[in-house]
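K.L.:
got a sequence here, can you build the structure:
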Amino acid sequence: MNDNIIKTEYSEVMQKSYIDYAMSVIVSRALPDVRDGLKPVQRRVLYDMHELGIRYDKPYRKSARIVGDTMGKYHPHGDSSIYESLVVMSQDFKKGLPLVDGHGNFGNIEGDGAAAMRYTEARLQKVTQTALLEDLDKDVVDFVPNFDETEKEPSVLPCKFPNLLVNGTEGIAVGMATSVPPHNLGEVIDAMKAYMKDETISTRALMRYCKGPDFPTGGIIANKDELLSIYETGSGKIKIRGKVEIEKGKNGKTNVVITEIPFTMVGANISKFLQDVAALADSKKAPDIVDISNQSSKEGIRIVIELRKDANVDNFINLLYKKTRLEDTFGFNMLAIAGGKPETMGLKKVLKECTEFQYQLATRKYSNLLAKEMDKKEIQEGLIKACNVIDLIIEILRGSKDRNMAKDCLINGVTTGIKFKSKESKVMAAGLLFSEAQANAILDMRLYKLIGLEVDALIKDHEDTVANIFRYEDILARKDSMTQVLINDLDLIKKEFARPRRTVIDNLEEAVVEEVQMEEMDIYFLMDRFGYCKAVDTATYERNLETIKEEFKYICKCKNTGKICLFTNTGQLHTFRSKLLPLGKLRDKGVPIDNVSNYQSAKESIISVASQSDLNLYRMLFVTKTSMCKIVDGGEFDVAKNTVASTKLADGDEVVSVTPITNQKHIVLKSNDGFFLKFSIEEISTMKKIAIGMRGMKLGSKDYIDEVYFTNTEGNSVVEYNNKELILDDLKTAKRDGKGTKIK
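P.N.:
Residues are numbered from 1 along each chain as shown. Predicted structure coming up:
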């Protein structure tokens with residue numbers, strides 16, 4: 001057996017394979033076709049519903065049936081992606097023109113998902129049947145084999161309007177993504193008609209018809225002047241705002257009511273918005289907030305924010321635009337498949353591709369219709385001719401032995417074997433010369449067709465057929481005629497399915513917020529052993545001093561305008577603004593420290609807490625588990641970032657103590673094996689925070705530092721050790737880097 005071994009570079013094989021995979025994802029799954037604006041899964045779902053006969057005027061069918069049939073015949077990629085596509089095409093808060101009529105729970109604008117496919121039902125919308133699927137039986141698009149070559153599916157649907165613009169799309173492929181907002185159907189049709197009439201029209205002129213995106217959630221587009229550049233290039237950023245109304249509330253209060261939201265807030269981002277507004281109230285950035293309620297229903301969005309009597313409403317609304325997603329950015333990237341390849345297109349290019357597609361559809365449609373009318377005309381002319389000589393036809397039929405003999409006579413004038421009443425009849429029969437199609441129609445004709453009214457109807461049908469042929473030939477021969485036909489179709493779609501614009505387009509100034517100046521005051525940071533923290537004012541602290549010292553693990557005095565600094569055992573320094581802390585009563589629960597800082601309780605432990613202002617006044621003494629010591633100037637920790645490294649640690653090491661130096665005289669290091677080493681703090685050098693430090697005590701192979709004590713200039717420093725009091729001042733003062741004394 002001869003082996004055919006092909007040697008090739010591994011990198012080349014990987015590169016080619018990855019490119020093939022990427023193009024497969026791009027073309028076959030993630031990106032829409034510019035011609036019908038649909039991804040393959042959407043196209044297959046709609047075609048399957050069409051094949052199952054689930055029309056807009058028929059009863060609903062179970063979604064599970066549609067999904068299963070689509071997966072089995074056309075889209076073998078899992079039921080979840082198929083059902084999700086079906087659901088999205090039915091949601092009027094995501095699509096400018098829903099293509100599926102859903103019955104049951106198909107999710108809502110607040111992010112609740114659709115019910116399981118076994119519970120919901122669906123059918124096609126009328127516009128889908130009318131404008132996307134109607135001409136499939138006229139051989140206007142190519143059909144290709146499905147994945148196992150047992151079925152045929154359309155390569156593209158014969159969509160009569162630019163669905164890519166009307167419904168928008170979003171998708172992530174390999175190395176590229178598409179994001180097209182929905183547009184108004186009537187405006188898009190007007191723009192397409194304008195392009196059909198003048199293919200040299202500019203993008204600026206097209207935008208007189210298609211003014212910009214029209215989101216189903218309404219809202220306001222705030223950067224009108226930038227839209228021209230976006231539509232010329234096919235990419236850019238659109239600023240969108242929610243619509244806000246002001247109402248009078250109870251007791252002289254003011255209600256700020258959000259009636260329309262940015263398109264990007266659809267789904268879970270509504271609850272995120274409510275959380276952000278609540279956070280503004282908790283952090284005192286919006287102290288005028290009294291209450292927040294989501295009163296949204298089937299009738300529409302209604303989020304009510306109640307403000308105090310004397311609130312600055314305009315400033316508060318600007319704060320919402322600035323600090324929440326009530327003003328957001330929509331990334332516009334009109335990427336679609338054109339000519340079998342992905343391409344980022346501007347508005348004019350999209351309309352060009354869609355218009356050329358319409359001409360292709362019309363050419364194939366009217367060519368096929370013309371061929372059918374020509375065949376019909378041939379048969380009608382044969383029947384009319386036969387009616388004029390019906391007696392001769394009957395004589396031929398009665399005189400023939402079989403159908404073939406009669407047919408041969410009608411087509412070729414062969415009279416041999418046929419019995420005629422007279423020689424004149426035989427001569428006339430030889431000159432009939434019908435076509436084969438005409439002969440078959442005559443032989444299949446029923447006697448009732450000879451009734452006078454039926455003959456008149458036949459003549460009328462023939463006249464209509466001739467008129468149709470003339471019309472179809474004119475459409476195919478003259479581009480102006482075809483253009484007018486396409487424009488008429490677009491007008492019918494616009495008349496039946498267009499709706500008024502929802503999104504307002506304007507140029508709005510950037511929201512400017514006048515920051516409310518907080519009155520500076522002293523507060524106390526309190527954190528219990530469970531990690532809950534809060535702030536109390538000075539009066540509350542002094543009144544409950546004894547209780548506070550018993551119940552709280554970390555206590556720190558600071559300004560309400562300052563920062564709190566957390567030193568952890570991993571060598572990290574986390575800082576956060578003290579105004580993030582809830583200022584309240586002593587018995588208030590507080591908030592988890594993880595919520596106001598980058599500290600992660602599951603991965604690290606707090607060693608020390610200090611205010612930023614105190615750090616600037618003192619030097620900080622660090623001691624690690626492996627006995628590395630150093631002193632760092634507190635000013636080094638005055639940084640802009642919320643998390644930085646406070647010290648450098650060796651592998652496996654961690655911080656044991658971080659202490660500000662005030663009146664301490666000696667440091668006492670205690671190891672886990674019971675060794676104590678007392679030496680002067682002056683022996684520890686001042687270093688940068690990035691330094692690892694110097695060794696303070698020699699440790700045994702498995703020994704480590706677990707406690708750090710200090711003696712002060714006043715003396716009598718006492719600690720408890722092995723259930724006995726140990727006076728630190730009585731310990732012998734040694735030198736740094738000694739073994740220390742073992743105490744039992």
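
K.L.:
okay, domains of the protein per the record?
P.N.:
31-159, 243-325, 365-496, 522-742 (automatic domain parsing).

K.L.:
mean pLDDT for these: which is lowest?
P.N.:
Note on the domains of the chain: domain 365-496 shows the lowest mean pLDDT, a mean of 84.

K.L.:
follow-up on the earlier one: residue 338: which of the domains of the chain is closest?
P.N.:
Taking Cβ to Cβ, domain 31-159 is the member of the domains of the chain nearest to residue 338, at 4.7 Å. All C-beta atoms are positioned from the backbone trio N, CA, C, and that covers glycine.

K.L.:
hang on, residue 411 in a helix?
P.N.:
Yes - when DSSP: H, G, I helix; E, B strand; the rest coil is applied, residue 411 is found to be in a helix.

K.L.:
neighbours of it, how many?
P.N.:
17 (other Cβ atoms under 10 Å).

K.L.:
and it, how far from residue 291?
P.N.:
91 Å (Cβ to Cβ, to the nearest Å).

K.L.:
give the next helix or strand downstream of the strand or helix carrying residue 533.
P.N.:
Assigned by DSSP states H and E, residue 533 falls within strand 532-537. Helices and strands here follow DSSP H and E; after strand 532-537, the next one along the chain is helix 538-543.

K.L.:
what residues of that next one count as buried?
P.N.:
For helix 538-543, a neighbour-count test (16 or more other Cβ atoms under 10 Å) marks 540-541 as buried.

K.L.:
that older thread, which of the domains of the chain is buried the deepest?
P.N.:
Sort the domains of the chain by mean neighbour count, taking mean count of other Cβ atoms under 10 Å, and domain 31-159 sits at the top with a mean of 19.

K.L.:
put the alpha carbons of stretch 128-139 into PDB.
P.N.:
Coordinates of each C-alpha in stretch 128-139 appear next as PDB, following Å, rounded to 0.1, in the frame of the first residue of the first chain:
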ATOM      1  CA  THR A 128     -43.800  39.200   6.600                       C
ATOM      2  CA  GLN A 129     -46.200  37.200   4.300                       C
ATOM      3  CA  THR A 130     -46.800  40.200   2.100                       C
ATOM      4  CA  ALA A 131     -43.400  41.800   1.700                       C
ATOM      5  CA  LEU A 132     -40.900  39.000   2.400                       C
ATOM      6  CA  LEU A 133     -42.400  35.600   1.400                       C
ATOM      7  CA  GLU A 134     -45.100  36.400  -1.200                       C
ATOM      8  CA  ASP A 135     -43.100  35.900  -4.400                       C
ATOM      9  CA  LEU A 136     -41.200  32.700  -3.400                       C
ATOM     10  CA  ASP A 137     -43.400  30.600  -5.700                       C
ATOM     11  CA  LYS A 138     -42.400  32.800  -8.700                       C
ATOM     12  CA  ASP A 139     -38.800  31.500  -8.900                       C
END
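
K.L.:
now what about that stretch, what contacts it?
P.N.:
Contact with stretch 128-139 is made by 36, 46-47, 50, 55-56, 99-100, 124, 154, 157-161, 163, 361, 364-365, 368-369, 493, 496-497, as judged by Cβ atoms under 8 Å, 6 or more residues apart in numbering.

K.L.:
of these, which belong to helices?
P.N.:
Those of the contacts of stretch 128-139 mapping onto helices are 46-47, 50, 163, 361, 364-365, 368-369, 493, 496-497, per DSSP state H.

K.L.:
between which two of those residues is the distance greatest?
P.N.:
368 and 497 (26.2 Å).

K.L.:
show me where the stretch 601-744 of the chain has strands.
P.N.:
With DSSP state E, counting those that start in this stretch, the ranges of strands along the stretch 601-744 of the chain come out as 606-611, 619-624, 628-633, 643-645, 655-660, 664-671, 675-680, 694-695, 705-712, 718-721, 724-727, 741-742.

K.L.:
ok, which of the ones you listed comes nearest residue 380?
P.N.:
It is, among the strands of the stretch 601-744 of the chain and with distance given as Cβ to Cβ, strand 643-645, at 86.4 Å.

K.L.:
which residues touch that closest one?
P.N.:
571-575, 598, 637, 689-690.

K.L.:
take these and lay them out in JSON lines including distance to residue 174.
P.N.:
Shown next, in JSON lines, are the contacts of strand 643-645 (distance: Cβ to Cβ, whole Å):
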{"residue": "571", "distance to residue 174": "40"}
{"residue": "572", "distance to residue 174": "37"}
{"residue": "573", "distance to residue 174": "41"}
{"residue": "574", "distance to residue 174": "38"}
{"residue": "575", "distance to residue 174": "41"}
{"residue": "598", "distance to residue 174": "34"}
{"residue": "637", "distance to residue 174": "45"}
{"residue": "689", "distance to residue 174": "44"}
{"residue": "690", "distance to residue 174": "41"}
